[in-house]
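Trainee: turn this into a model:
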Amino acid sequence: MSRIGRMPIAIPAGVTVEIAENNKVTVKGPKGTLERVLPAEMEITQEGAEILVKRPNDLKKMKSLHGLTRTLINNMVVGVTDGYTKNLEVNGVGYRASKQGKKLVLALGYSHPVEMEDPEGITTTVQDMVISVTGIDKEKVGQYAAEIRDKRRPEPYKGKGIKYQTETIRRKVGKTGKK
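Mentor: Here you go, the predicted model:
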């Protein structure tokens, strides 16, 4: 049995979960509403203040879908209660980040500033060269943070670029002169 899949999901106070036909799950909470259609093979039931996910058989595909389905529902519940945040650091001489309305403006050593529009449901803030990407959908927050990082990935020699705060860059030694 999937260890993650069989764990029940606790529903905190102030959160309502609706399970419609074809496993369409809607989670409403203090921060907003998320809905998602989950694999139809899984059996999602609500018992009191808990949600349980069961699988029909022990095929390899069903085992993998079991844990995935449970994690997706849990991410939705955590998203509408606490939300998700990813922090990115801008490192490098002349590299800057600023906010202009709903636009994130990045100066990353290119001949032009890079402008990125905040997607719906996601907010970005810039403070002391740290960009915070915040939202209720874990997938969208992670995707937008990855798109920002892709504008100038950190390089291994000087460590210049945009990196996650938790990320460590493996540094390389530069060239040495002739003897």
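
Trainee: make it CA atoms for all contacts and neighbour counts henceforth
Mentor: OK.

Trainee: how about the contacts made by Ala10?
Mentor: 49-51 (CA atoms under 8 Å, 6 or more residues apart in numbering).

Trainee: change it to 10 Å
Mentor: 47-52, 74, 77 (CA atoms under 10 Å, 6 or more residues apart in numbering).

Trainee: what's the answer for Thr33, then?
Mentor: 15-17, 26-27, 76-77, 79-80, 136-137.

Trainee: which SSE is it in?
Mentor: strand 32-37 (DSSP states H and E).

Trainee: helices or strands up against the following helix or strand past that strand?
Mentor: Sequence-wise, the next helix or strand downstream of strand 32-37 (DSSP H and E) is strand 43-47. Applying 3 or more CA pairs under 10 Å, 6 or more residues apart in numbering; DSSP states H and E, one finds that strand 43-47 makes contact with strand 16-19, strand 50-54, helix 60-81.

Trainee: any stretches of the chain with poor pLDDT?
Mentor: 1-2, 177, 179 (pLDDT under 70).

Trainee: next, name the residue at the spatial heart of it.
Mentor: Gly142 (3.0 Å; CA atoms, centre = their mean).
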